[in-house]
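Asks: The sequence and its predicted three-dimensional model are supplied below.
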Amino acid sequence: MPVTPPIAAYLPYGSVGEPRANLRCGLIPRAFLAQIIDHFGAALPNEAAAFIVWDEDDRRFLLDFPQIDQATPSRLVYRTPVLPGNRHIVCDIHSHGHGRAFFSATDDADDAHATKIALVIGRLGGPDSPEFASRLCAGGMFLPLPRSPFEGYGHDA
Ligand SMILES: [Zn+2]
């Protein structure tokens with residue numbers, strides 16, 4: 001991913017090419033997303049959260065529903081799991097309940113110090129549900145994701 005605007009000078013590194021996001025863990029099985037959406041739907045009208053974790057030793061994904069300290073329809077306080085060195089947080093996902101999917105000022109503050117994919121799922125339980133917002137958080141930057149990290153999706157989720 002380009003992390004700065006292009007520099008207007010000759011640089012010896014070649015072309016950056018098209019934006020792409022190749023995850024070392026590969027794409028996340030789509031069944032995880034269905035499970036998360038079910039979990040978020042069951043928590044309505046409150047917000048809820050989930051983490052997708054990758055175990056690099058056995059190369060498996062795990063779903064982690066974190067400890068929730070506070071959940072209301074407009075506020076959620078949850079704890080990022082503390083993982084052993086061989087496990088990595090790939091996605092930090094939370095719902096906005098019936099509300100729109102977007103990154104709030106609180107989300108920006110929460111994501112400022114992490115390297116992960118952040119996903120917000122909103123408009124749950126409605127006729128045109130759900131709605132997704134996603135970004136890559138890295139080094140304090142929020143970068144657009146060129147594609148969904150889940151198997152079987154193009155650019156939408
Ligand atoms: Zn949020």
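Replies: Received, thanks. Numbers count the residues shown, from 1 in each chain.
Asks: and the protein, which residues reach the ion?
Replies: Taking Cβ under 5 Å from the ion as the contact definition, the chain meets the ion at Ser104, Asp107. From N, CA and C alone the C-beta is placed, and that goes for glycine too.
Asks: Could you identify the longest helix within the chain?
Replies: helix 30-43 (DSSP state H).
Asks: tell me what the helix or strand following it is packed against?
Replies: Remark: after helix 30-43, the chain's next helix or strand is strand 49-55, criterion DSSP states H and E. For strand 49-55, the packing partners by 3 or more Cβ pairs under 8 Å, 6 or more residues apart in numbering; DSSP states H and E come out as helix 30-43, strand 60-64, strand 87-95.
Asks: what's in contact with the first one?
Replies: Same thing as helix 30-43. Applying Cβ atoms under 8 Å, 6 or more residues apart in numbering, the external contacts of helix 30-43 come out as 48, 50, 52, 61, 63, 65, 71, 93, 95, 97, 121, 124-125, 130, 150-153, 157.
Asks: rerun that using 10 Å as the cut-off
Replies: Helix 30-43 is contacted by residues 29, 46-52, 61-63, 65, 68, 71, 73, 76, 90-91, 93-97, 119, 121-122, 124-125, 129-130, 132, 148-153, 157 when judged by Cβ atoms under 10 Å, 6 or more residues apart in numbering.
Asks: Just the buried ones from those residues, in PyMOL syntax?
Replies: To isolate the buried members of the contacts of helix 30-43 in PyMOL, using 16 or more other Cβ atoms under 10 Å:
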select buried, resi 29+46+47+48+49+50+51+52+61+63+71+76+90+91+93+94+95+96+97+119+121+122+124+130+132+148+149+150+157
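Asks: which residues sit in contact with the spatially most central residue of the chain?
Replies: With distances taken as Cα atoms, centre = their mean, Ala118 lies nearest the centre of the chain, 2.7 Å away. Taking Cβ under 10 Å, 6+ apart, we find Ala118 in contact with 91-94, 103, 107-108, 110-111, 133-137, 142, 145.
Asks: ok, now with 8 Å
Replies: Cys91, Asp92, Ile93, Phe103, Asp107, Asp111, Ser134, Arg135, Leu136, Cys137, Phe142 are the contacts of Ala118 under Cβ under 8 Å, 6+ apart.
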